[in-house]
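Chemist: just to be clear, the model below is a prediction. Sequence and coordinates:
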Amino acid sequence: MSDGTTYSAPGLKVVSLGSRGRGVVAERNFKQGEVIAIWRGSIITESEVLQLSESERSQLLQVDENAFLVTSKALVNADFINHSCEPNCGFTDSTTLVAMRDIKAGQTITFDYAMSDTKTIFAFDCWCGTSKCRKKMSGNDWQLADLQERYAGWFAPHVARLIKQSRH
Ligand SMILES: [Zn+2]
């Protein structure tokens, strides 16, 4: 461990998902509330994001309305955690991902990108295969009442703020 680098909890393993790239599975049980990852890197603005290539954009985490964290070039386990429309992790602050519920060894570690993404530049087709799959992740999905209910308390702070404002 050193300053300024992303933290991945011990007991995470990167696995190949064939044509869908890579993902992360738990090698042990995680308790609800346990920290899974704390991302670190440098912060750039939306106009700087637009200059990045597709692959560089895949290493971004939106941390505020106009602030995006670019993780370090040396990728760690946490950088391969995928989106799911039925995730098992959520945020306790803008860069800390924790287990939303107990996670068993062998299960895939995921969060819903709608918990942090509010920009259409992040839109993509989803193949998560869960029964709740939205097929498209749009950047506006945080506005869906179903998600606001299921992820209450687990959205990144800037998204929680938008939700609160939208209700006034
Ligand atoms: Zn999905």
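Modeler: Sure, I can see it.
Chemist: so what touches the helix or strand bottoming out on mean pLDDT in the chain?
Modeler: The weakest-scoring helix or strand in the chain, judged by mean pLDDT, DSSP states H and E, is helix 54-57 (a mean of 81). Helix 54-57 is contacted from outside by Val49, Val70, Ile121, Phe122, using C-beta atoms under 8 Å, 6 or more residues apart in numbering. Quick note: C-beta positions are derived from backbone N, CA and C, even for glycine.
Chemist: check stretch 155-168 too.
Modeler: Under the criterion C-beta under 8 Å, 6+ apart, residues 62-65, 90-91, 93-94, 114-116, 118, 142-143, 148 lie in contact with stretch 155-168.
Chemist: repeat that with 10 Å
Modeler: Outside stretch 155-168, the residues that touch it by C-beta atoms under 10 Å, 6 or more residues apart in numbering are 61-67, 90-97, 111-112, 114-118, 142-143, 147-148, 151-154.
Chemist: now that stretch: buried residues?
Modeler: The neighbour-count check on stretch 155-168 (16 or more other C-beta atoms under 10 Å) flags Phe155, Ala156, His158, Val159, Ala160 as buried.
Chemist: distance from the longest helix seen in the chain to the middle of the chain?
Modeler: Longest helix of the chain, by residue count under DSSP state H: helix 157-166. Relative to the centre of its chain, helix 157-166 is centred 17 Å away, using C-alpha atoms, centre = their mean, to the nearest Å.
Chemist: got the CA positions of that helix in PDB?
Modeler: Output of helix 157-166 as PDB, limited to C-alpha atoms (Å, rounded to 0.1, in the frame of the first residue of the first chain):
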ATOM      1  CA  PRO A 157     -23.100  12.100  -2.800                       C
ATOM      2  CA  HIS A 158     -23.300  14.200  -5.900                       C
ATOM      3  CA  VAL A 159     -26.100  12.000  -7.200                       C
ATOM      4  CA  ALA A 160     -27.900  11.900  -3.900                       C
ATOM      5  CA  ARG A 161     -27.900  15.700  -4.000                       C
ATOM      6  CA  LEU A 162     -29.400  15.700  -7.500                       C
ATOM      7  CA  ILE A 163     -32.100  13.400  -6.400                       C
ATOM      8  CA  LYS A 164     -32.900  15.500  -3.400                       C
ATOM      9  CA  GLN A 165     -33.000  18.700  -5.600                       C
ATOM     10  CA  SER A 166     -35.300  17.000  -8.100                       C
END
